[in-house]
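Asker: fold the stuff below for me.
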Amino acid sequence: MNATDLIRAGRLTEARTLLIEHVKSSPGDTGNRTLLFQVLVFLGELDKAERHLEAIAAQDPGRDAGVRTYRDLISAEKERCEVIRLRKSPSFLPEPPEYFDAYYTGLKKLEDKELQEAKAHFDLAEARRPAITGTVNGKRFSGFADLDTFLSPFLEIIVHERYVWVPFEFIRELVIPAPRTLFDLIWAQARITTWEGLTMNCFLPVLYPDSYQHEDDRVKLGRMTDWVSLGGPFARGAGQHVFLAGDEDVAILEVREVLFDFDSSAEGQKV
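Answerer: Below is the predicted model:
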């Protein structure tokens, strides 16, 4: 089996070993080096992945634009790691919603395993959050959130080299093209339009943070999602992002278009 076959079979570690052998024997093969870069990202080896990026840039200056995009994404992933570990507050587009302080305090209480206090702060944040309705892939929903407790009211996006949270109520339209390459299974290309008419192209992390630590390569590749209980109703995801649209679970790679309804009660918070 070649490296691509191994990846398709969900055998990431074997693909990594084979690709390293290929790169060592043919250092100028930027195709295999690019594939190795992507495998290393799936495995959470960001520093090694970045070193291979630098080699690609040196070997093939014509790929500078693509390398720059990859470099920005790696930089954003490193910022994401800091945010997820509560070492750094997230950046927002354009600013934190009014319920963020309560929500973030809940996250800190949850990190300290103070479940009752965490729930009280999450409930307070939810009470301040506008109702969210709309359609996903043409199907109506009432209520929209990420199923991961850490991210529930927010969409993770990467704009250039910045990792940003966007509250769902700030978004008018979210469009995600169907994935075509392995790259799209790591960072999905997307287009977001806000209620103020700002339209921007961005990337969405397909996998939950730290998915590479899971023992199952299917989870690392985002072919399934596993849930780790944090106590009570709280859970962290590993594998592919899953949204709760009304009563239906929708994986991020199943989403083609989300159209959110305007909520006048949240007008002051819109982007």
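Asker: now do the residue most central in space within the chain, the pLDDT please.
Answerer: The residue lying closest to the centre of the chain (Cα atoms, centre = their mean) is Pro205, at 2.4 Å. What the model reports as pLDDT for Pro205 is 98.
Asker: from Leu43, how far out is it?
Answerer: With the distance defined as Cβ to Cβ, to the nearest Å, Pro205 ends up 15 Å from Leu43. C-beta coordinates here come from the backbone N, C-alpha and C atoms, glycine included.
Asker: ok, Arg33 - contacts?
Answerer: Val23, Pro27, His52, Ala55, Ile56, Gln59 (Cβ atoms under 8 Å, 6 or more residues apart in numbering).
Asker: tell me which element it falls in.
Answerer: For Arg33, the element it lies in under DSSP states H and E is helix 30-42.
Asker: export that helix as CSV, just CAs?
Answerer: The C-alpha coordinates for helix 30-42 follow below in CSV (Å, rounded to 0.1, in the frame of the first residue of the first chain):
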residue,chain,number,x,y,z
THR,A,30,7.5,18.2,-2.5
GLY,A,31,4.4,16.1,-3.2
ASN,A,32,5.3,13.5,-0.5
ARG,A,33,6.6,16.2,1.8
THR,A,34,3.2,18.0,1.5
LEU,A,35,1.4,14.8,2.3
LEU,A,36,3.7,14.2,5.3
PHE,A,37,3.0,17.7,6.5
GLN,A,38,-0.8,17.0,6.5
VAL,A,39,-0.3,13.7,8.3
LEU,A,40,1.8,15.3,10.9
VAL,A,41,-1.0,17.9,11.5
PHE,A,42,-3.5,15.1,12.0
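Asker: roughly how far is it from the heart of the chain?
Answerer: Relative to its chain's centre, helix 30-42 lies at 19 Å (Cα atoms, centre = their mean, to the nearest Å).
Asker: same check, this time on stretch 239-247
Answerer: Distance of stretch 239-247 from its chain centroid, counting by Cα atoms, centre = their mean, is 12 Å.
Asker: what average pLDDT does it get?
Answerer: Stretch 239-247 comes out at a mean pLDDT of 98.
Asker: cool, and stretch 7-24?
Answerer: Averaging pLDDT along stretch 7-24 yields 94.
Asker: just stretch 38-57 next, same as before
Answerer: According to the model, stretch 38-57 has a mean pLDDT of 94.
Asker: nearest spatial neighbour of Ile186, skipping sequence neighbours?
Answerer: Closest residue to Ile186 apart from its sequence neighbours, by Cβ to Cβ, 6 or more residues apart in numbering: Val41 at 5.6 Å.
Asker: would you mind listing the residues in contact with that neighbour?
Answerer: Ala49, Ile74, Glu77, Ile186.
Asker: narrow those residues to those in helices?
Answerer: Ala49, Ile74, Glu77 (DSSP state H).
Asker: same list, those residues, but as a markdown table with neighbour count and distance to Val242 please.
Answerer: Listed next are the ones in helices among the contacts of Val41 as a markdown table, based on neighbours: other Cβ atoms under 10 Å; distance: Cβ to Cβ, whole Å:
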| residue | neighbour count | distance to Val242 |
| --- | --- | --- |
| Ala49 | 21 | 25 |
| Ile74 | 18 | 25 |
| Glu77 | 21 | 20 |
